[in-house]
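**Q** sequence unknown, structure follows:
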Ligand SMILES: O=C(O)C(=O)C[C@]1(C(=O)O)C=C[C@@H](O)C=C1
């Protein structure tokens with residue numbers, strides 16, 4: 001840890017004051033320790049922040065890869081329509097994508113995927129895990145924030161059409177497989193806002209609690225927003241999308257025509273949806289967190 005040039009004694013350091021996160025550092029699992037262990041509070045928050053920045057960056061790569069793979073197939077709109085003919089009624093009252101996602105999530109639930117605090121299922125009901133529970137150290141405050149319905153809606157109605165060629169190439173299974181990769185990566189990234197929000201709350205609990213008690217979502221949004229971080233993120237994303245979207249020949253010739261994914265659409269996706277939805281998760285979490293903190297301190 002000595003290499004990271006951080007003032008560990010600074011009690012109110014926040015994520016945005018940390019060194020350049022360009023290189024992901026292997027700090028292991030985010031859930032480092034349980035509440036109540038001996039580590040000083042601010043050090044706890046700083047460690048969490050470093051891991052969060054790396055994780056945000058890694059998920060960005062997962063999202064980008066998933067989008068590039070999905071963009072190889074046509075929109076195939078029929079997979080998003082309920083009771084579509086080609087599926088012979090096998091999908092019940094779900095769309096082909098919802099059906100496929102439900103079946104996938106059932107098996108993932110059995111191996112306890114959704115018991116992890118950074119994984120959220122889109123479908124229900126799901127079976128109980130066949131594996132015994134893991135003892136996850138707690139960082140988040142217990143909450144019921146889950147905006148997967150919104151993520152699905154935005155994905156189907158705005159994102160697919162922006163990144164994929166129009167039309168129907170009949171590759172329904174492949175397209176839906178890639179949809180699932182995209183949705184899971186987006187959901188993980190957006191709900192990661194809870195971890196970011198928790199660290200922000202810990203660096204300023206009084207103010208977030210005051211705003212939560214006033215139900216002032218706009219002010220909470222303003223307080224947690226850091227435009228400089230957003231701009232940096234979008235710049236990094238554009239660079240990555242250009243590099244990942246090039247073919248090998250283009251990379252060698254240093255040109256980027258006929259990219260595998262429309263770079264502007266990917267950047268817009270983040271600007272218009274991913275960042276605002278992450279902030280929505282942060283605000284919802286902070287409302288619950290602040291109200292609970294208030295109650296706790298009333299006693
Ligand atoms: O990194 C943070 O501080 C976040 O809150 C996350 C995030 C983002 O979605 O990337 C959202 C809001 C901030 O304005 C900056 C970035």
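**A** Nice, thanks for sending it over. In this text, all values refer to a predicted model and were calculated from it rather than measured experimentally.
**Q** wait, residue 63 touches residue 186, no?
**A** Yes - with contact defined as Cβ atoms under 8 Å, residue 63 counts as touching residue 186 (6.2 Å). (C-beta placed from N, C-alpha, C; glycine too.)
**Q** so which of those two has more stuff around it?
**A** It is residue 186, of residue 63 and residue 186, that has more neighbours when counted by other Cβ atoms under 10 Å, with 26 against 22.
**Q** skipping its backbone neighbours, what lies nearest the more buried one in space?
**A** residue 151 (5.6 Å; Cβ to Cβ, 6 or more residues apart in numbering).
**Q** number of nearby residues for that neighbour?
**A** 25.
**Q** ok, residue 68 next?
**A** With other Cβ under 10 Å as criterion, residue 68 counts 18.
**Q** secondary structure element for it?
**A** For residue 68, the element it lies in under DSSP states H and E is helix 41-70.
**Q** just residue 220 next, same as before
**A** helix 217-224.
**Q** which neighbours do residue 63 and residue 186 share?
**A** residue 274 (Cβ atoms under 8 Å, 6 or more residues apart in numbering).
**Q** what's in contact with stretch 149-161?
**A** Under the contact criterion Cβ under 8 Å, 6+ apart, stretch 149-161 has outside partners 67, 70, 75, 80, 97, 122, 179, 182-183, 186-187, 190, 269, 272-273, 277, 280.
**Q** reduced to three states, what does the residue of the stretch 51-200 of the chain found nearest the ligand come out as?
**A** Distances between the stretch 51-200 of the chain and the ligand by Cβ to the nearest ligand atom are smallest at residue 196, namely 4.6 Å. Taken by DSSP: H, G, I helix; E, B strand; the rest coil, the conformation at residue 196 corresponds to helix.
**Q** can you name the next helix or strand after the helix holding residue 220?
**A** helix 227-245.
**Q** thinking again about what came up before, which helices and strands sit right next to the helix or strand just after the helix holding residue 68?
**A** The helix or strand immediately downstream of helix 41-70 is helix 96-110, counting by DSSP H and E. With contacts defined as 3 or more Cβ pairs under 8 Å, 6 or more residues apart in numbering; DSSP states H and E, the packing partners of helix 96-110 are helix 172-191.
**Q** so how far is residue 64 from the spatially most central residue of the chain?
**A** The chain has residue 189 as the residue nearest its centroid, 1.0 Å off, counting by Cα atoms, centre = their mean. Plainly put, residue 189 is 11 Å away from residue 64 if you go by Cβ to Cβ, to the nearest Å.
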